[in-house]
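Engineer: take a look and give me a structure for this.
(one chain, ligands or ions: 1)
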Amino acid sequence: MHQRSQPSYTASVHPAIVCVDLQTAYLPSLRRSALQGVTCTIQPGEFVAVLGLNGAGKSTWLQSLLGLVPIQSGSAHVHYTPIQAATIPQIRREIGILFQGGGLVPQLTALDNVLCGRLGQRSSWQTLFGFDSRDRAQASQLLHQFGLRDSAHQITRRLSGGQRQRVAIARLLMQSPSILLLDEPTAGLDVLATRHVMELLAQLNHQGMTIISVLHDLAIAQTYARRALIFEAGRILYDGDCHNLAVHFKTAEQVER
Ligand SMILES: Nc1ncnc2c1ncn2[C@@H]1O[C@H](COP(=O)(O)OP(=O)(O)OP(=O)(O)O)[C@@H](O)[C@H]1O
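Structural biologist: I've put the predicted structure just below:
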């Protein structure tokens, strides 16, 4: 008997993310949409660098995957689930996002910031008297694993930029996501701190985490990611391996001009 063919996103491996012709609202200031037809499939366990000039639509794309930017047309699925109002709470449990700047509470300790990652999974009465010992043990364990055991009780404001980014990543892991989206996780970090953060992401990726990170440094993208998406004016101009990124990036610059 003839079987109906399955949509492409059900092929062999179960994809983490599928976007088909994704478009956001028209912006009069841009005289176009911020996203103008983004199509791509990300498989579980991939490490993808998202590249492009300022204003190319990278952050808008990441935010659209969490329902933070309304999708006007096209579709986006996370592990088969379509991104729409009713599914957003479920999708936000699957995806951890690190916004530009990290978004930590500066006056809280590193440990308390990491514990904040649990807030979405606990009711307010459950956290009224503090987090339970299992949550605290997991947060401490993550800080230990990320080389921050001695900084657990430090006020976050007093930590270095690289330490703060590692705390922010530990906080994301408290929600047990399967996909991490990171918007410029190494912005403002020196060479050593950049390496610490990127190696931490590589380690998580080796453990099976899907990593999608906006990066501005092509050499870093080439070192850590296996695939690159180069955005230009709300579209993906290049989707492929990380060889010759400078050449592909130059093409994006020429299109921009
Ligand atoms: N809420 C908004 N209202 C109006 N314009 C917006 C809004 N959000 C984004 N834009 C515009 O959409 C375009 C894409 O922005 P986006 O922040 O996604 O770019 P980006 O590639 O992440 O840039 P950067 O590298 O500077 O972070 C920009 O021109 C931006 O000004």
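
Engineer: partners of the residue in the stretch 101-250 of the chain positioned nearest to the ligand in the sheet?
Structural biologist: The minimum distance from the stretch 101-250 of the chain to the ligand, using Cβ to the nearest ligand atom, falls at Phe231 (6.0 Å). All C-beta atoms are positioned from the backbone trio N, CA, C, and that covers glycine. Under the criterion DSSP bridges, Phe231 forms beta bridges with Gly52, Ile236.

Engineer: which bits of the protein sit near the ligand?
Structural biologist: 27, 29-30, 34, 52, 54-60, 231 (Cβ under 6 Å from any ligand atom).

Engineer: what do you get if the cut-off is 8 Å, keeping everything else the same?
Structural biologist: 27, 29-30, 34-35, 52-63, 69, 100, 183-184, 214, 216, 231, 234 (Cβ under 8 Å from any ligand atom).

Engineer: filter those residues down to the buried ones, PyMOL style.
Structural biologist: Remark: buried members of those, expressed as a PyMOL selection using 16 or more other Cβ atoms under 10 Å:
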select buried, resi 34+35+52+53+56+57+58+59+60+61+62+63+69+183+184+214+231+234
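
Engineer: make sure the residue of the stretch 101-250 of the chain closest to the ligand is actually in contact with Gly52.
Structural biologist: Yes: between Phe231 and Gly52 a contact is recorded at 3.5 Å, counting by Cβ atoms under 8 Å.

Engineer: got any residues that touch both of those two?
Structural biologist: Lys58, Leu237, Ala252 (Cβ atoms under 8 Å, 6 or more residues apart in numbering).

Engineer: turn the residues you listed into a markdown table, columns for pLDDT.
Structural biologist: As requested, the shared contacts of Phe231 and Gly52 are exported to a markdown table (pLDDT from 0 to 100):
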| residue | pLDDT |
| --- | --- |
| Lys58 | 96 |
| Leu237 | 94 |
| Ala252 | 71 |
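
Engineer: can you list the residue ranges for strands in the stretch 1-150 of the chain?
Structural biologist: Counting by DSSP state E, counting those that start in this stretch, the stretch 1-150 of the chain has strands at residues 17-24, 26-27, 32-33, 36-42, 47-52, 71-78, 81-82, 95-98.

Engineer: tell me the most buried of these?
Structural biologist: Compared across the strands of the stretch 1-150 of the chain, strand 47-52 shows the largest average neighbour count, a mean of 25 (mean count of other Cβ atoms under 10 Å).

Engineer: how big is the angle separating it from strand 17-24?
Structural biologist: 20 degrees (axes from the mean of the first three to the mean of the last three Cα atoms, to 10 degrees).

Engineer: before we move on, what SS does the spatially most central residue of the chain have?
Structural biologist: Nearest to the mean C-alpha position of the chain, by Cα atoms, centre = their mean, lies Leu181 at 0.4 Å. Under DSSP: H, G, I helix; E, B strand; the rest coil, Leu181 falls in the strand class.

Engineer: mind checking how far it is from Leu65?
Structural biologist: 6 Å (Cβ to Cβ, to the nearest Å).

Engineer: what's the overlap in contacts for the two?
Structural biologist: Each of Ile95 lies in contact with both Leu181 and Leu65 under the rule Cβ under 8 Å, 6+ apart.
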